[in-house]
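Student: got a predicted model here, sequence first, then my questions.
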Amino acid sequence: MERHIDAPVVPEKVKDLKAGDYVYITGTIYTARDAAHKRMQEALDRGEELPFHVKENVIYYMGPSPAREGRPIGSAGPTTASRMDKYTPALLDLGLGAMIGKGKRSQAVTEAIIRNGSVYFAAVGGAGAILSKCILSSEVIAYEDLGTEAIRRLEVKNLPVVVVIDSNGNNLYETAVLEYCKKEADRQ
C-alpha cells in the first residue's frame, strides 16, 4: 500500500503502517550516524539534553556528500542501520517515532520498536542522488566537528521509503523471504 505521512510522526499514523508499505515522508527529519549516536548516548549518560527533541521525530541514518551548487545537500543515501543498534533502544524509549536506514536490525531494536510503537523504514541504497532531490533544506544543528556525521535538520518532501519493521514487529525482510520460498515451493 502507498502512504503519505508528515514528519514529525504521530503515533496513530505509525500504528497504521504495515511492513511492506511504500511511504512518502514530508516534513522535518534529522540525520545522525554512528559518531553522533555515540555522543547522544554520552549526553544521556551524563543526564544532559539531546541536541533535538527526539519524541515523535525521525532519524535518517545518512551522511551526505558535499552539496552541488544551487542544492541544499549532496548525495543522501542511507547507511547501514545495524551500526546504530546499540544506541537505538534508548532513543526509542525516549519516544523516537521512526528511523530510516538500510539493512537488518537487532532483536533488541525490534523489541524496542514494538514496545514504543515506532517504525523502521528502509531507503534504497545506491539511490542517494535521487533521494537528495527530495531534500528542500539542510542545516547542521549539532556536532559540526563530525563533518558528514554531524546532526542535520532536513526539510523533505515526498522522501520515498519502505516500512521494514512495523509497530507490531512484522519484518519485511523475514516475510519477503518466506513468501519467496512459498512461491518457489508452489512452482515445484
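Tutor: Noted; the coordinates are in hand. Numbering: from 1, shown residues only.

Student: and the spatially most central residue of the chain, what are its bridge partners?
Tutor: Centroid check for the chain by Cα atoms, centre = their mean gives residue 100 as the closest residue, at 1.6 Å. The partner list for residue 100 in beta bridges (DSSP bridges) reads residue 60, residue 121.

Student: that one contacts residue 29, correct?
Tutor: Yes. Between residue 100 and residue 29 there is a contact under Cβ atoms under 8 Å: 7.4 Å. C-beta: built from backbone N, CA, C; applies to glycine.

Student: what sits against the residue nearest to the centre of the chain?
Tutor: For residue 100, the contact set (Cβ atoms under 8 Å, 6 or more residues apart in numbering) comprises 25, 29, 58-62, 78, 120-123, 159, 161.

Student: so for the biggest strand by length in the chain, what's the average pLDDT?
Tutor: Secondary structure of the chain per DSSP state E: the longest strand is strand 151-165. What strand 151-165 shows for mean pLDDT is 97.

Student: could you do stretch 55-71 as well?
Tutor: 90.

Student: check stretch 122-131 too.
Tutor: For stretch 122-131, mean pLDDT is 89.

Student: which parts of that stretch are buried?
Tutor: By 16 or more other Cβ atoms under 10 Å, the buried positions in stretch 122-131 come out as 122-123, 128, 131.

Student: quick one: the helices in this protein?
Tutor: Assigned by DSSP state H, the helices in the chain fall at 11-16, 34-45, 88-93, 107-116, 128-132, 172-187.

Student: export the second one to PDB, keeping only CA atoms.
Tutor: Coordinates of the C-alpha atoms in helix 34-45 are reproduced here as PDB (Å, rounded to 0.1, in the frame of the first residue of the first chain):
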ATOM      1  CA  ASP A  34      27.500   6.300  14.400                       C
ATOM      2  CA  ALA A  35      29.600   9.100  15.900                       C
ATOM      3  CA  ALA A  36      26.500  11.300  16.500                       C
ATOM      4  CA  HIS A  37      24.700   8.500  18.200                       C
ATOM      5  CA  LYS A  38      27.700   7.800  20.400                       C
ATOM      6  CA  ARG A  39      27.700  11.500  21.500                       C
ATOM      7  CA  MET A  40      24.000  11.500  22.100                       C
ATOM      8  CA  GLN A  41      24.300   8.400  24.300                       C
ATOM      9  CA  GLU A  42      27.100  10.000  26.200                       C
ATOM     10  CA  ALA A  43      24.900  13.100  26.800                       C
ATOM     11  CA  LEU A  44      22.100  10.900  28.000                       C
ATOM     12  CA  ASP A  45      24.500   9.100  30.400                       C
END
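
Student: which residues touch that helix?
Tutor: Under Cβ under 8 Å, 6+ apart, the answer for helix 34-45 is 32, 49-51, 83-84, 87-88, 90-91, 142-143, 146, 149-151.

Student: contact partners for residue 130?
Tutor: Contacts of residue 130 (Cβ under 8 Å, 6+ apart): residue 124.
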